[in-house]
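>>> Just need the structure, nothing else, for what follows:
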Amino acid sequence: MRRFSLFFVFSLILLALSVPAARAEAFRYGLDVLDAQKCAPLQGKRVGMITNASAVSRSGEPGYRVLLRHGADLKFLMAPEHGFALDYEAGEKVGNAGVGDSLKVWSLYGESRKPDVSLLKTIDVLVFDLQDAGVRCYTYISTMKLAMEACNEAGITFMVLDRPNPLAPLPASGFVLEPRFESFVGAAELPFIHGMSVGEIAGWLKNRRFPGLSLQIVRMQGYRRDRFADELPGFRFRPPSPNLRDFKTLLLYPATVMLEATDVSEGRGTDAPFRMFGAPFIDSKLLIREIEQYRLPGVEFHRTSFTPERSKFSGIECQGVRLKVTGRERFDPFMTSTAILLSLQKLWPSETGLHRHATFFDKLAGTDRHRLMIQQQRPIGEILDAVRAQVRAFDAAFPDHFLYP
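Down below sits the predicted model:
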């Protein structure tokens, strides 16, 4: 009997070893989950939708078509900065448009950036489906906050179809926004790199700003915040805006976006926006030597030159630096950004122009503290310590702001 039992146990072990490891759970956007439900939460209701061309399902189907396919009574669409078709540059005013013969697209980046409350009173649910970039200054979060405010005033439901934060494995970093610096490029008191999905931010905003709002969050399935979005099985990358053209650019965006508030080109008007930066006054070799003293993890710097076709220094050759992420698990975008800014300010304090763009810089940073520390050439360790203290305080104040493990 004992011999039989041992044989039986040994056979079970061999069988277990011979079975292939289970495949990772397929990832599904909130839109796919709603699709699987045949849009049941929207049936019998009048619906509006904030979306654009990047908001597609796993199969590539636009979100608004998913709703129409299931018979949702979709009355109109709304589009944020860059427009519904993503054919407007950053900061360019977007006009109203249309899709097909009868579906109106109202602009939320034109005469007003907040949905018209009287228009919202003609529907029952406003659906939000946009791909965020994981950085507080990216304006889709600002659009969401204003839409939540308008829905609260109109007395209707706000529904978020959740999407991944593409940078989620990177820890939250950057200064937390101070209320006096709130603007359309900084709409909420979050760290600069916040680590949250749009659904998580919506829940956080409801608790902080709109406790009476009827909020529904359609959660993702198979989402893991310890993976970059392009590592999720089933994730489909679509550029969320014209200059975030690929995933490599998304990773570098938080490291170079602050250059928008300087007299240094962040690469707009070239084939590699946010992946390189420069100006006519820069000595690339000298700048790289200065930056490399910081021993930044997971990133390399290479000399380059470029001539923007538009934006800063249009038609003028710039000398600069191209960034290459060599280990994205170790890459620290905020540390990299701070090292770049400290180096530029040290070598070319007048030409870099922080003093000329102080107001805009402080709005992006969410504080004037970051700019002042750079202008004062404070040690990078001191700046990072200040940031870590703020992030720890944020996490302690809001321990339940994540929806996903």
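>>> contacts and neighbour counts: CA atoms only from here.
OK.
>>> and the residue nearest to Ser305 when sequence neighbours are not counted, helix, strand or coil?
In space, and not counting its chain neighbours, Ser305 is closest to Gln319: 4.5 Å by C-alpha to C-alpha, 6 or more residues apart in numbering. Three-state assignment for Gln319 (DSSP: H, G, I helix; E, B strand; the rest coil): strand.
>>> Now do the contacts for Gln319.
For Gln319, the contact set (C-alpha atoms under 8 Å, 6 or more residues apart in numbering) comprises Gly278, Ala279, Pro280, Phe281, Ile282, Asp283, Ser284, Arg303, Thr304, Ser305, Phe306.
>>> Which ChimeraX command selects the buried ones in these?
Applied in ChimeraX, the following selects the buried portion of the contacts of Gln319 according to 16 or more other C-alpha atoms under 10 Å:
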select :278,279,280,282,283,284,303,304,305,306
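>>> can you redo the contacts of Gln319 as CSV with secondary structure and pLDDT?
Shown next, in CSV, are these (DSSP: H, G, I helix; E, B strand; the rest coil; pLDDT from 0 to 100):
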residue, secondary structure, pLDDT
Gly278, strand, 98
Ala279, strand, 98
Pro280, coil, 98
Phe281, coil, 98
Ile282, coil, 98
Asp283, coil, 98
Ser284, helix, 98
Arg303, strand, 98
Thr304, strand, 98
Ser305, strand, 98
Phe306, strand, 98
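>>> Pull the contacting residues for Gln221.
Gln221 makes contacts with Ala26, Phe27, Arg28, Tyr29, Gly30, Val33, as judged by C-alpha under 8 Å, 6+ apart.
>>> Report the beta-bridge partners for it.
Per DSSP bridges, the residues bridged to Gln221 are Arg28.
>>> Distance-wise, check it relative to Phe158.
20 Å (C-alpha to C-alpha, to the nearest Å).
>>> Could I get the full set of helices for the stretch 201-350 of the chain?
With helices called from DSSP state H, counting those that start in this stretch, the stretch 201-350 of the chain shows them at 247-256, 284-292, 333-347, 349-352.
>>> elements contacting the third one?
Judged by 3 or more C-alpha pairs under 8 Å, 6 or more residues apart in numbering; DSSP states H and E, helix 333-347 is in contact with helix 247-256, helix 284-292, helix 369-375, helix 380-397.
>>> Of the ones you listed, flag the one that's most buried.
helix 247-256 (a mean of 22; mean count of other C-alpha atoms under 10 Å).
>>> Name the helix or strand for Leu34, please.
Using DSSP states H and E, Leu34 sits in helix 30-36.
>>> What residues of that helix count as buried?
Quick answer for helix 30-36 (16+ other C-alpha under 10 Å): Gly30, Leu31, Asp32, Val33, Leu34, Asp35.
>>> can you check stretch 179-193 too?
181-193.
>>> From the centroid of this structure, which residue is nearest?
In the chain, the residue lying closest to the centroid (C-alpha atoms, centre = their mean) is Ala133, at 1.6 Å.
>>> before we move on, back to that, for the buried residues of stretch 179-193, give me TSV that also has pLDDT.
What follows is the buried residues of stretch 179-193, written out as TSV (pLDDT from 0 to 100):
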residue	pLDDT
Phe181	98
Glu182	98
Ser183	98
Phe184	97
Val185	97
Gly186	97
Ala187	93
Ala188	94
Glu189	97
Leu190	97
Pro191	98
Phe192	98
Ile193	98
